[in-house]
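*Asks:* What would the 3D arrangement of this be:
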Amino acid sequence: MTTPLEKGSLLELAVHAIESSILRSSPSYQEKTFRMEMKKIVIISGVRHEIDIWVAVDLGGGYEAFFVFECKNWAEKVGKNEIIVFSEKIKALQAQRGFFVARSFTGDAEAQATLDPRMTLLRVADLPAEDVPVPFGFHGINAESTNAEVAFIARGADEKSARASVDLTTGSIMINGKTLPLEAYVNDWIATERDRRVSSFPSHAAEEGVHGLALDAERTFEPGAAKLGETDIGQIRLNGQVRVRVVRAKIISHFEVATRGRALTVSLDLGSVQLKGAFVARLLPGR
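*Replies:* Next comes the predicted model:
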């Protein structure tokens, strides 16, 4: 079940994505810089203020404009007390404008907002998320396990008897005159091949779930370039499999902020890592 804090964070992500897109698409800001921060803490005259979304726009010549957003993803209407507190934030931060984003406001709240000419109330609505495609086929892949065998082939011996027996945990290998811990050398190679195989896997077209990817690689050496003890190694072969899980993102919210835009928030659960991000579906006229 989604907590009130999580609900608020979903709206903040959506508003952040929409406002960022508006700024980036505005011709008036093409040659100016802007900074955006979420959940920014500002202390003024010893008073701590938490700002859901804070925007600073460089106007040039040492001038900077500030804009602040308050987001309340509440089922109930926002009352006048929240408006009063937000008005004080706008004043304390000397913001050019403050935007209060919520589903609905009481009549008293709307009347209170008119007393601060720098405040704008923005209504947000939930839109259906069913049957809406995930933007850009957004997904993730996670390498869950790797199993591999490494064979050291001695030079000049037949294939059957050529494999050198070694202890990876205590052995060492000499490559081009440099002695390396054998276990580290092998593990680094396996990791390199695993990453190469995973990065080349066409996950965008794969079904969700676990897939086994073959690991096949070899390294060939000139005479004397690779040695295990006194054994001249002509080739090292790697065979195995890496198991990767493909996870498709899920849309967890679809908001429309009046006169600003629509945004989809998606969630991607990779087990040890959980990601959330917002995509702008559409910017609206009137902003």
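
*Asks:* So for stretch 130-138, what gets flagged as buried?
*Replies:* If you call a residue buried by 16 or more other C-beta atoms under 10 Å, then stretch 130-138 has these buried ones: residue 138. All C-beta spots, glycine's among them, are computed from the backbone N, C-alpha and C.

*Asks:* before we move on, what about stretch 280-287?
*Replies:* Of all the residues in stretch 280-287, those buried under the rule 16+ other C-beta under 10 Å are 280-281, 283.

*Asks:* Quick one: those residues as JSON lines, columns for distance to residue 93, pLDDT and secondary structure too.
*Replies:* JSON lines is the format used below for those (distance: C-beta to C-beta, whole Å; pLDDT from 0 to 100; DSSP: H, G, I helix; E, B strand; the rest coil):
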{"residue": "280", "distance to residue 93": "26", "pLDDT": "95", "secondary structure": "strand"}
{"residue": "281", "distance to residue 93": "30", "pLDDT": "93", "secondary structure": "strand"}
{"residue": "283", "distance to residue 93": "26", "pLDDT": "93", "secondary structure": "strand"}
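
*Asks:* Out of those, flag the one nearest to residue 129.
*Replies:* Taking C-beta to C-beta as the measure, residue 129 sits nearest to residue 281 out of the buried residues of stretch 280-287, at 10.7 Å.

*Asks:* Who is the closest residue to that closest one other than its chain neighbours paired with across the strands?
*Replies:* What sits nearest to residue 281 in space, not counting adjacent residues and going by C-beta to C-beta, 6 or more residues apart in numbering, is residue 262, at 4.3 Å. Listed by DSSP bridges, the beta-bridge partners for residue 262 are residue 256, residue 282.

*Asks:* what about residue 262, how many neighbours?
*Replies:* Close neighbours of residue 262, defined as other C-beta atoms under 10 Å, add up to 19.

*Asks:* Return the per-residue confidence for it.
*Replies:* Looking at residue 262, its pLDDT reads 97.

*Asks:* show me the residues around it that make contact.
*Replies:* With contacts defined as C-beta atoms under 8 Å, 6 or more residues apart in numbering, residue 262 is in contact with 18, 127, 254-256, 280-282, 284.

*Asks:* possible to save these as JSON lines with distance to residue 141?
*Replies:* Listed next are the contacts of residue 262 as JSON lines, based on distance: C-beta to C-beta, whole Å:
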{"residue": "18", "distance to residue 141": "29"}
{"residue": "127", "distance to residue 141": "29"}
{"residue": "254", "distance to residue 141": "25"}
{"residue": "255", "distance to residue 141": "28"}
{"residue": "256", "distance to residue 141": "32"}
{"residue": "280", "distance to residue 141": "25"}
{"residue": "281", "distance to residue 141": "25"}
{"residue": "282", "distance to residue 141": "29"}
{"residue": "284", "distance to residue 141": "35"}
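
*Asks:* Mind picking the two most distant members of these?
*Replies:* Taking every pair in the contacts of residue 262 and measuring C-beta to C-beta, the maximum separation is 14.1 Å, between 254 and 284.

*Asks:* Can you pull the domain assignment for this structure?
*Replies:* With domains defined by automatic domain parsing, the chain comprises 4-134+251-283, 139-247.

*Asks:* element containing residue 12?
*Replies:* helix 4-25 (DSSP states H and E).

*Asks:* Give me the next element, helix or strand, following that helix.
*Replies:* Next along the chain after helix 4-25, taking DSSP H and E as the criterion, comes strand 34-44.

*Asks:* tell me which strands and helices that next one is in contact with?
*Replies:* If you count contacts as 3 or more C-beta pairs under 8 Å, 6 or more residues apart in numbering; DSSP states H and E, strand 34-44 packs onto helix 4-25, strand 47-60, helix 80-93.

*Asks:* Go through that strand and flag the buried ones.
*Replies:* Of the residues in strand 34-44, those with enough neighbours to count as buried (16+ other C-beta under 10 Å) are 34, 36, 40, 42.

*Asks:* which one of the residues you listed sits closest to residue 227?
*Replies:* The shortest approach to residue 227 among the buried residues of strand 34-44 belongs to residue 36, at 57.2 Å (C-beta to C-beta).
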